[in-house]
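Trainee: sharing a model prediction with you, sequence too.
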Amino acid sequence: MDNKDSHQPSDKVIVEFEVELDKQFISTYEPVLAAFLSAQAAHINHTGTIIPFQSTSTSTSFSRPRNLFRRAGEGYEISFNGKPPFWLAATTGLQFLEILLRNPNGDIHVSRMLTIIGETGDSNKSLANASFDLSTDIGLKEPGIDSPAYRTVKAALEELRSEIAENGSQMTPGRKEKLEDEILKLEKYLRNARRRRINAEVNKQRIRVKNAITDALSKIRFYDFRLYQYLDIHIETGTFCRYRSEGPPTPWQFE
């Protein structure tokens, strides 16, 4: 082990390790070792202790909650099946997991999830007092479309509506019917444009939520592989996300 001072005005030093690996294992396990050491360093800096290794013992301590997903400072304190908790720095991905764990078997639209944590993406925002009322609107907003074609069609639609409102009573039936048909076509065009814009926005949100959750699960994996496996199986992502808890919901403690 080499201990090298970075000579920066800090109370931390850079610690480097040298280990030997067979060449056949380097591509598979070098990233795992790097992530594990990084996780251990973060845990030591925050708690002064190392991440506890998983025990093969079947005994369970009843003095701690079996499943814990609790905010602790600028991170989360997490444990699964009564094992010693570990700490992770807060991320939006962990916040998304908290939302899902708080609402077992509920289908939650990605827009609603983003609304709950706030569009700023502030991972330090506590969800302790957040509203999880999922019966209201899902958080989609009317898209602000500002393209020349859209503006042109919208202006033409308003002109036709004004013409019918002002002169409709004096028009011949054929002329009025023709204008009404044009209005229907323009309205359909605008509806489809809004729908395409909404679909594009939802797709961006879906990818954002999925990537954040995937990143959070990858961090959890290096602390508790069994928890990672459990969440990987029971967390479903898509336009609607869900924590699938079969049978009675697995109890989680959040406070």
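Mentor: Cool, the structure landed.
Trainee: show me where the stretch 151-255 of the chain has strands.
Mentor: 235-236, 240-243 (DSSP state E, counting those that start in this stretch).
Trainee: and those strands, which is most packed in?
Mentor: Neighbour counts (mean count of other Cβ atoms under 10 Å) averaged over each of these peak at strand 240-243, with a mean of 19. Yep, even glycine has a C-beta here, placed from its N, CA and C like the rest.
Trainee: give me the contacts around that strand.
Mentor: 96, 100-101, 103-110, 113, 209, 213, 234-236 (Cβ atoms under 8 Å, 6 or more residues apart in numbering).
Trainee: now, those that are in helices?
Mentor: F96, L100, L101, V110, M113, V209, I213, H234 (DSSP state H).
Trainee: the residue nearest to the first one when sequence neighbours are not counted: neighbour count?
Mentor: Using Cβ to Cβ, 6 or more residues apart in numbering and skipping residues adjacent in sequence, the residue nearest F96 is I213, 5.3 Å away. Applying other Cβ atoms under 10 Å, we find 25 other residues in the vicinity of I213.
Trainee: one more: the one 5 residues further on?
Mentor: For S218, the count of nearby residues is 12 (other Cβ under 10 Å).
Trainee: over to A216?
Mentor: By other Cβ under 10 Å, 24 other residues sit near A216.
Trainee: grab the nearest non-local neighbour of it.
Mentor: A216's closest residue in space is G93 (Cβ to Cβ, 6+ apart), at 3.1 Å.
Trainee: low-scoring pLDDT stretches of the stretch 51-200 of the chain, where are they?
Mentor: 51-65, 119-126, 128-147 (pLDDT under 70).
Trainee: can you give me the helices in it?
Mentor: For the stretch 51-200 of the chain, the helices defined by DSSP state H, counting those that start in this stretch occupy 92-102, 110-117, 148-167, 173-221.
Trainee: winner for burial among these?
Mentor: Mean neighbour counts were compared across those using mean count of other Cβ under 10 Å; the top stretch is helix 92-102, at a mean of 23.
Trainee: middle-most residue in this protein, spatially?
Mentor: V209 (3.3 Å; Cα atoms, centre = their mean).
Trainee: just confirm it contacts F96, I think it does.
Mentor: Yes. The pair V209 / F96 is scored as a contact, 5.8 Å apart, by Cβ atoms under 8 Å.
Trainee: anything in contact with each of those two?
Mentor: M113, C241.
Trainee: so who does the residue nearest to F96 touch?
Mentor: For I213, the contacting residues are G93, F96, L97, I235, T237, C241, by Cβ under 8 Å, 6+ apart.
Trainee: if I look at the third one, how far off is L190?
Mentor: In this structure, L97 and L190 are 38 Å apart, going by Cβ to Cβ, to the nearest Å.
Trainee: now do E166
Mentor: Distance, E166 to L190, by Cβ to Cβ: 22 Å.
Trainee: F254: neighbour count?
Mentor: As a burial measure, F254 scores 15 neighbours (other Cβ under 10 Å).
Trainee: ok, now how distant is it from R226?
Mentor: For F254, the distance to R226 - Cβ to Cβ - is 20 Å.
Trainee: cool, and E187?
Mentor: Taking Cβ to Cβ, one finds E187 at 55 Å from R226.
Trainee: and for K83?
Mentor: 8 Å.
Trainee: S38 now?
Mentor: For S38, the distance to R226 equals 21 Å [Cβ to Cβ].
Trainee: repeat that for T172.
Mentor: 77 Å.
Trainee: compare these two (neighbour count), which wins?
Mentor: The neighbour comparison of T172 against R226 (other Cβ under 10 Å) goes to R226, with 11 against 8.
Trainee: correct me, but that one touches N67?
Mentor: No. In this structure, R226 is not within contact of N67 by Cβ under 8 Å, at 11.6 Å.
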